[in-house]
Every structure is written in C-alpha cells, then in structure tokens.
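**Q** give me coordinates for this.
(one chain, ligands or ions: 2)
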Amino acid sequence: MSVLEVKGLSVSLLRYQKGLRRQTQRVIDDLHLSVDAGEILAVAGASGSGKSLLAHAILGILPGHAQVSGAIFYRGKELSSLRRAELMGREIAYVPQSVLYLNPLMRVGKQVRTAVRTGDPVAVQRAAFARFGLSPAVEKRYPFQLSGGMARRVLVSIAAVSGANLIIADEPTPGLDPAVIAESLSLFRELADRGSAVMLISHDIGSVLKVADRIAVFCAGTAVEIARAEDFEGNGEALRHPYSRALWRALPQNDFTPAPWPVPSSPETSPICPFARGCERATDACFTNRPEPTWLGNRMVRCIHGS
Ligand SMILES: Nc1ncnc2c1ncn2[C@@H]1O[C@H](COP(=O)(O)OP(=O)(O)OP(=O)(O)O)[C@@H](O)[C@H]1O
Ligand code: NI
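**A** Ligands and ions are numbered 1, 2, ... in the order given. Predicted structure coming up:
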C-alpha cells in the first residue's frame with residue numbers, strides 16, 4: 001500500500017480579472033500519483049505548472065476559495081481535515097517553498113527542537129545544524145536575523161529531525177551553495193532509505209534525478225508521465241511522453257535542445273490532448289479525446305501513442 005495516493009485531483013481557483021470580475025481557473029487537472037515507503041518521487045515541471053498547489057492540496061492549505069475534487073489517501077485512508085491536523089508535524093512533514101513559514105516569534109533552534117520526535121531535542125537539533133553548516137550561534141536567532149539560505153537550511157533541519165513517514169519538500173534547495181544542495185538531497189535519500197515516503201518538488205529535473213526513484217513530469221496542472229529515474233538517459237528513448245523527452249533534451253547536459261512546439265501553460269478546457277497541436281505523433285484521435293492515464297506497474301503515461 002502506498003503511503004500517499006492522489007486520485008483524480010482537480011483544483012480550481014478564483015482569479016480577479018479587471019475590476020471586480022472573477023473567473024475560475026483550473027490549476028490542477030485530474031492528477032493521479034502515489035508515493036511508496038522508501039522512495040523519492042520527484043515532481044518536476046515548469047514554473048507555474050501547479051507543483052506547489054499540489055503540495056498545498058495534500059497538506060490542506062489551499063486558499064479558502066479553492067474548489068477541490070478527487071481524493072487524497074494517506075496509508076490507505078482518505079485524508080480528512082481532522083486526520084490531517086493530527087498527522088501534520090508528526091507523521092507528515094512539510095518543507096515549504098517559502099521561508100516565511102517559519103514562526104517569526106520563536107528562536108529557530110527551538111522551532112527545530114519542537115519537531116524532534118526521538119532522542120534529546122537539544123542534541124538532535126545541534127546535530128542537524130552541524131550537518132547543514134549552521135553554527136551553534138544560529139540557534140538563538142529569530143527568522144528575520146537569518147539569510148534566505150540559512151532559513152532554508154533550518155526548514156530542512158525540521159524535516160530531518162521529524163522522523164515523519166511522509167515528507168513533502170517544495171523546492172528545498174534554491175539559493176543554497178552546491179555543497180549544501182548535495183547535503184540536502186542526500187538527506188532526503190537517507191530519509192527514504194530509512195523508510196519514509198518523500199515527495200520532492202522541483203523545477204530542476206537535473207538535480208532531483210540524482211536522488212529520486214521516480215519522476216512525475218508535471219505540465220499544465222497534471223502529471224503527463226511518471227517514469228523511473230533510469231529512464232532519463234541517452235536521447236530519452238525510454239521516456240514515453242513527448243513532453244518528458246523535450247524536458248530531458250532541454251537540459252544543459254543534453255545541449256539545451258528546445259521543445260519543438262509551444263508548451264501548454266494551464267489545463268486545457270477542451271477535450272483534446274493538450275499537446276496535440278504541435279506534436280509530431282498526433283493523429284485524429286488526439287484531437288477528439290483527452291488521454292487517460294495508462295499504468296505500467298508504477299509508471300504512467302498520458303499519451304495514446306506512449307504505451
Ligand atoms: N492563491 C492563488 N490564487 C490564484 N492563483 C494562484 C494562487 N496560487 C497559485 N496560483 C496560480 O496557479 C498556478 C500554479 O501555481 P504553483 O505555485 O502551484 O506553480 P509551481 O509549479 O509551484 O511554480 P514554481 O516552480 O514557480 O514554484 C500559477 O498559474 C499561479 O499563478
Ligand atoms: Ni512552487
């Protein structure tokens with residue numbers, strides 16, 4: 001049984017247009033994915049594709065006006081708001097994209113100690129700070145006294161000491177120097193190897209590939225493919241969706257080859273494949289049906305030509 005399972009999740013948000021006119025916009029669209037114990041599932045895709053909103057939906061912190069459908073399961077049981085409140089900070093840990101999530105009124109050392117589940121809180125906190133290159137003097141500081149990179153390392157320390165079964169980390173590494181990025185990524189690997197399920201959200205597919213087991217390739221509010229990390233190699237022949245191949249080929253190590261067609265930025269409202277208009281493999285069927293997810297073991301693709 002997966003630790004986290006997301007089934008048919010859709011999220012729409014209200015947007016204010018000119019004046020007071022409001023419009024609902026779909027930002028997550030019929031999303032399916034799961035994360036097992038002991039694995040890192042990376043969620044990678046362009047900026048604005050809905051990755052953070054996915055984390056917010058799982059954690060129950062979407063804006064109040066959000067309309068949500070579909071279901072989210074934690075260890076086989078649906079996540080109600082009551083159950084979420086019980087699990088947050090104990091079984092589920094969150095490394096937010098914004099450092100503003102730190103409590104502005106509490107010294108950061110104490111914030112980490114409060115999250116410690118086993119062992120002496122002070123010793124565990126100090127070990128975490130040492131690991132991430134935070135000097136002992138930092139523990140007495142308040143968040144406003146930290147640089148952005150230091151605040152981010154405090155957030156990663158909180159996840160490290162939490163002993164959570166499910167860790168959702170949203171862009172945990174930007175602004176950090178390469179050694180700390182490598183240390184944070186290896187920490188997530190270690191937490192997964194100890195049995196946690198880790199969802200690692202990033203727009204930087206190149207760096208998460210080093211530690212992830214599977215990658216959910218995100219585009220326009222949904223996962224178009226869930227592939228194994230080892231499928232990202234060579235010219236991308238093992239990848240089954242044209243967008244995953246395009247992302248892979250656009251990486252610096254693969255010569256930055258640009259995508260041959262415009263990439264949709266928000267979910268299509270019409271019932272066609274969102275890629276149909278530029279894809280070299282498109283056939284008539286791609287213009288009449290939106291592809292459903294097709295699973296092959298724990299891999300998935302939403303392309304009728306990809307299975
Ligand atoms: N509170 C909100 N109200 C209205 N629209 C929002 C809100 N939060 C996000 N959005 C919109 O939803 C879409 C997805 O945003 P999201 O933050 O999930 O993207 P992301 O994939 O995490 O991007 P990034 O890689 O830049 O962090 C964007 O178009 C964004 O403008
Ligand atoms: Ni984000």
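**Q** so who does V99 touch?
**A** If you count contacts by CB atoms under 8 Å, 6 or more residues apart in numbering, V99 has them with 143, 146, 148, 151-152, 155. Every C-beta, even on glycine, is put in place using the N, C-alpha and C of the backbone.
**Q** do a quick rundown of the helices in the stretch 151-300 of the chain.
**A** 178-193, 205-208, 242-249 (DSSP state H, counting those that start in this stretch).
**Q** what's around P96, how many residues?
**A** Residues contacting P96 under the criterion other CB atoms under 10 Å number 21.
**Q** I figured it hits V156, correct?
**A** No. With contact defined as CB atoms under 8 Å, P96 does not count as touching V156 (10.8 Å).
**Q** circling back to that earlier point, please name whichever of the helices of the stretch 151-300 of the chain is nearest to L20.
**A** Checking the helices of the stretch 151-300 of the chain against L20 by CB to CB gives helix 242-249 as the closest, at 36.5 Å.
**Q** ok, back up a step: neighbour count, pLDDT and distance to V124 added to the contacts of V99, as CSV?
**A** Listed next are the contacts of V99 as CSV, based on neighbours: other CB atoms under 10 Å; pLDDT from 0 to 100; distance: CB to CB, whole Å:
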residue, neighbour count, pLDDT, distance to V124
P143, 20, 95, 20
L146, 18, 94, 20
G148, 11, 85, 24
A151, 20, 91, 19
R152, 26, 88, 19
L155, 27, 92, 16
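**Q** restrict these to those near ligand 1?
**A** Near ligand 1, judged by CB under 6 Å from any ligand atom, there are no entries from those.
**Q** and those, which is closest to ligand 1?
**A** Nearest to ligand 1 among the contacts of V99 is R152, at 14.0 Å by CB to the nearest ligand atom.
**Q** OK, contacts around the closest one?
**A** Neighbours of R152 in contact, by CB under 8 Å, 6+ apart: 99, 172-176.
**Q** same thing but at 6 Å, please
**A** V99 (CB atoms under 6 Å, 6 or more residues apart in numbering).
**Q** next one: Y16
**A** Applying CB under 6 Å, 6+ apart, the residues near Y16 are R22.
**Q** confidence score at it?
**A** Looking at Y16, its pLDDT is 75.
**Q** cool, and the one 10 residues further on?
**A** Per-residue confidence at R26 stands at 91 (pLDDT).
**Q** for the chain, give the residue positioned nearest to ligand 2.
**A** Among the residues of the chain, S52 lies closest to ligand 2, at 3.1 Å counting by CB to the ion.
**Q** tell me which other helices or strands the helix or strand that residue falls within touches.
**A** Assessed by DSSP states H and E, S52 sits inside helix 51-59. Packing partners of helix 51-59 (3 or more CB pairs under 6 Å, 6 or more residues apart in numbering; DSSP states H and E): strand 166-170.
**Q** the strand it packs on: which residues count as buried?
**A** 166-170 (16 or more other CB atoms under 10 Å).
**Q** how close does Q145 get to Q17?
**A** Between Q145 and Q17 the distance is 41 Å, computed by CB to CB, to the nearest Å.
**Q** now do P104
**A** The gap separating P104 from Q17 is 34 Å, by CB to CB.
**Q** what does E292 give?
**A** Counting by CB to CB - E292 and Q17 are separated by 32 Å.
**Q** same deal with I272?
**A** From I272 to Q17 the distance is 25 Å (CB to CB).
**Q** which one's more surrounded, those two?
**A** Taking other CB under 10 Å, I272 and Q17 do not tie; I272 has more neighbours (17 against 8).
**Q** tell me the pLDDT at that one?
**A** Taking I272 on its own, its pLDDT is 84.
**Q** let me see the contact set for E171.
**A** 97, 202.
**Q** host element of the closest residue to L176 other than its chain neighbours?
**A** Counting by CB to CB, 6 or more residues apart in numbering, L176 lies nearest to G149, which is 5.2 Å off, once chain neighbours are set aside. Element membership of G149 [criterion: DSSP H and E] is helix 148-162.
**Q** any idea of the angle that helix forms with strand 166-170?
**A** Using axes from the mean of the first three to the mean of the last three CA atoms, to 10 degrees, the direction of helix 148-162 lies 170 degrees away from that of strand 166-170.
**Q** may I see the buried residues of helix 148-162?
**A** Buried, per 16+ other CB under 10 Å, within helix 148-162: 149-162.
**Q** list the contacts for Y94?
**A** By CB under 6 Å, 6+ apart, the neighbours of Y94 are 59, 168.
**Q** does it count as helix, strand or coil?
**A** Assigned state for Y94: strand (three-state reduction, DSSP: H, G, I helix; E, B strand; the rest coil).
**Q** mind listing the residues bridging to it?
**A** With DSSP bridges as the criterion, Y94 is bridged to I168.
**Q** how far away is the residue nearest in space to the middle of the chain from V154?
**A** Centroid-nearest residue in the chain, with CA atoms, centre = their mean: I201, separated by 2.6 Å. I201 sits 19 Å away from V154, going by CB to CB.
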